[in-house]
Each structure stands twice: as structure tokens, then as C-alpha cells.
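>>> Please find the sequence and the predicted model below.
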Amino acid sequence: MKKYFAEENRYEKMQYRRCGKSGINLPLLSLGLWHNFGNNDDFKNAAQILRSAFDHGITHFDLANNYGPPYGSAEKNFGKIFKRDFKSYRDELIISTKAGWDMWPGPYGNFGSRKYLISSLDQSLKRMKLNYVDIFYHHRPDPDTPLEETMGALDQIVRSGKALYVGISQYNAADTKKAAAILKAQGTPFLIHQPRYNMLDRWVEDKLLDTLDQVGIGSIVFSPLEQGILTSRYLDGIPKDSRAATEGSYLKADRITPELIAKIGALNAIAEKRGQSLAQMAIAWLLKDQRVTSVLIGVSKVSQLKDNIEALDNLKFTAKELKEIETIVADVKLN
């Protein structure tokens, strides 16, 4: 690939939103590297996606220790691309990683102990060839490790200079409030929460978004398209090359019921009237709420990335549209 020079007008192509009560603005869309950046994927395509994202003003790249497959390969491949293409742009980027899910064998490669979190970040920094990350997350709640230990590890990570800010993912409202109190007492910059959220998965609306607003923490939501369900992909059944048809996928075929397809068709009709694809409307629907700082998208090709970015051209909903959407999704049951 030719030497990369970022588009000069990249910041004119993106909208940004303040992350809680911090000094950080995040792009309305951030790029997640959960899929399509592992050793089983096309390295050149991965680089093109990252280049195009930054060229469109997407300044935030989100990773985790076990993204791949295999575990660690997404960070390693990102490190290669970063060194070649983005090293001179480091101060213009927000790079995050996480630890909390299984990463290596034995009792110290999972969950939320001080040993695991600090060791994992050290490994992540080596794979990505970075001196620090901008955000380090605890990737999921750990019911067996005291919250004080987990938050203490995050505090130590910031004080060591290995991360500028910390975040958490998938914590409920009560534990988020407790974590915020611990980190505030330590003077640790608690920036952001990363919850799963979309039109079909609404758990964050039960106190979490209100809690984040009260304590001044931003949110970056993942799975905005519900693993591809909130697209036109399944309107005519399950394609052979889709996630639902792939063995070992997180999206199981038995979730794509005739009743669900009918509801997706109804949502698609609303999107068409808005001049959007269903995927674009699903992203716009999330961003209508100012408490959502950024939507984390995952794409397998540059054309998908550009299609997602076009969602930002129409973020406003009429009261009628919102009521119709609520009526359609009110009794959705995801298996």
C-alpha cells in the first residue's frame, strides 16, 4: 500500500459530542475492532477500513485484549497498521482497550483482579506497540472480586501512565454509581461506560443512562445493529453467508423468527420513508439521545463504513416516527 497521508478536511466530515463532563469530545461514530481485524481476516482490508475511518474524522479506535481470532491478534494487527500509518497522528487519536473476559489459561487470565488487569494491559501495549492507551476498560462486572480491588487497579494504571482515562462495560446502574464513587475518591479520571444498546436491547434505559448523566460519565454503545438483525440482511430469510448461518457465531439462527422478520420489515418501511437504510436509522435512533456520546460500529469493508457515516445526515425523528418504532419493538422477544 502507498504511504498514507490523512485527508486534510477529515474533521469537517464528522460530528463530535462531549463525553460526560470531561474535556474529551468523541466522534458520533467510533470504530470497533472486535471482528475483521484478526489473523483470519484480510490485513490490507483492515488497513483500508482504518484509513477511511480516520479520513472521515473517526478519531476513536476501540479494541480489547481478546479480539481476534485468535486472542490478541486484533491488537497485534492494529499495532502493525498504527506503526506504518498512524504513528505521526497519535495525538489526534483516542485508542482504547479492555480486559475482563478470558484471555489466558489459569486463574489469573480472566475477570477483574488487580493482577489480571495490569498484566493484560502490559501485554496489550506490547502488541499494539504503544506507550499508553487513552482509555482502559474493565470489560465486564466481576461478582467475585471486590469492586475496590478492580477500581484500585484502574487507578494504579492511570497513575503509572499506561492509560489517560478509565472506563467500564456492561455494569448495571447501581454498580456504576459505586464504581464512580470509588474512582472519584481516588481522583481517577472515570470517562466512559460501554454498554450494549439498540432498538431491540433496551436494558440501559432502566436507570443506567440516567445514572451516567447524574455522575457526568459519557457512554459509547455497542451492538447498534443487534448483530446485523437491524439491517435489511434478514428480510427475506437467512442468507447462507450471514452470521446467523455461520457455525459458532454469536448470532444464532433460531433468533431469526418469522415474527421478528415481520417487525424488522415494518422498521425498514419507516427507514425508507426517512430516506435511510434500516441500519442507518438504527444508528440515528441511538444518537437522538444526547446521553449517548458515540456509537461503536463494526464493519467488514469500506463501503459499509461509509454507509454508516451517512446515518449522521438525518438524526432527527418526528414524534410520529418514534411512536411507530416503539409500537413495533414493544413486544420483541430475542431468544
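Perfect, thanks for sending it. Numbers count the residues shown, from 1 in each chain.
>>> only C-alpha atoms for contact and neighbour calcs from this point on.
Fine.
>>> now the worst-scoring helix or strand of the chain on mean pLDDT, how far from the centre of its chain.
Here the helix or strand of the chain ranked lowest by mean pLDDT, DSSP states H and E is helix 258-274, holding a mean of 95. What separates the centre of helix 258-274 from the centre of its chain is 25 Å, taken as Cα atoms, centre = their mean, to the nearest Å.
>>> Dump the very next helix or strand once past that helix to PDB, restricted to CA.
Sequence-wise, the next helix or strand downstream of helix 258-274 (DSSP states H and E) is helix 278-287. C-alpha atoms of helix 278-287 as PDB (Å, rounded to 0.1, in the frame of the first residue of the first chain):
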ATOM      1  CA  LEU A 278     -32.600   0.300   8.400                       C
ATOM      2  CA  ALA A 279     -29.000   0.200   9.600                       C
ATOM      3  CA  GLN A 280     -28.700   4.000   9.300                       C
ATOM      4  CA  MET A 281     -32.000   4.600  11.100                       C
ATOM      5  CA  ALA A 282     -30.900   2.200  13.900                       C
ATOM      6  CA  ILE A 283     -27.700   4.300  14.400                       C
ATOM      7  CA  ALA A 284     -29.600   7.600  14.200                       C
ATOM      8  CA  TRP A 285     -32.200   6.300  16.700                       C
ATOM      9  CA  LEU A 286     -29.400   5.800  19.300                       C
ATOM     10  CA  LEU A 287     -27.800   9.200  18.700                       C
END
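>>> mind checking how far helix 278-287 is from the chain centre?
15 Å.
>>> pLDDT (mean, whole number) over the helix or strand just after that helix?
Toward the C-terminus, helix 278-287 is succeeded by strand 294-297 as the next helix or strand (DSSP H and E). Across strand 294-297, the average pLDDT comes to 98.
>>> And strand 294-297, what's buried?
294-297 (16 or more other Cα atoms under 10 Å).
>>> just stretch 129-147 next, same as before
For stretch 129-147, by 16+ other Cα under 10 Å, it's 129-130, 132-142, 147.
>>> Is it possible to get CSV of those residues that adds distance to T327, pLDDT and secondary structure?
Below are the buried residues of stretch 129-147 laid out as CSV (distance: Cα to Cα, whole Å; pLDDT from 0 to 100; DSSP: H, G, I helix; E, B strand; the rest coil):
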residue, distance to T327, pLDDT, secondary structure
K129, 49, 97, coil
L130, 47, 98, coil
Y132, 46, 98, coil
V133, 42, 99, strand
D134, 40, 99, strand
I135, 38, 99, strand
F136, 38, 99, strand
Y137, 35, 99, strand
H138, 35, 98, strand
H139, 33, 98, coil
R140, 32, 98, coil
P141, 32, 98, coil
D142, 36, 98, coil
L147, 39, 98, helix
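>>> List just the nearest of those residues to L183.
Among these, L147 lies closest to L183 (Cα to Cα), at 10.4 Å.
>>> Give me the contact list for the least confident helix or strand of the chain.
Identification of contacts with helix 258-274 by Cα atoms under 8 Å, 6 or more residues apart in numbering yields 229-232, 234-235, 237, 277-278, 280-281, 321, 325, 328-329, 332.
>>> Pick out the most distant pair among these.
G237 and E321, at 25.7 Å, using Cα to Cα across those.
>>> okay, the two: which has more neighbours?
Between G237 and E321, E321 has the larger neighbour count (other Cα atoms under 10 Å), namely 16 against 12.
>>> which residue sits closest to that one, ignoring its sequence neighbours?
Computed as Cα to Cα, 6 or more residues apart in numbering, the closest residue to E321 that is not its neighbour in sequence is I270, at 7.3 Å.
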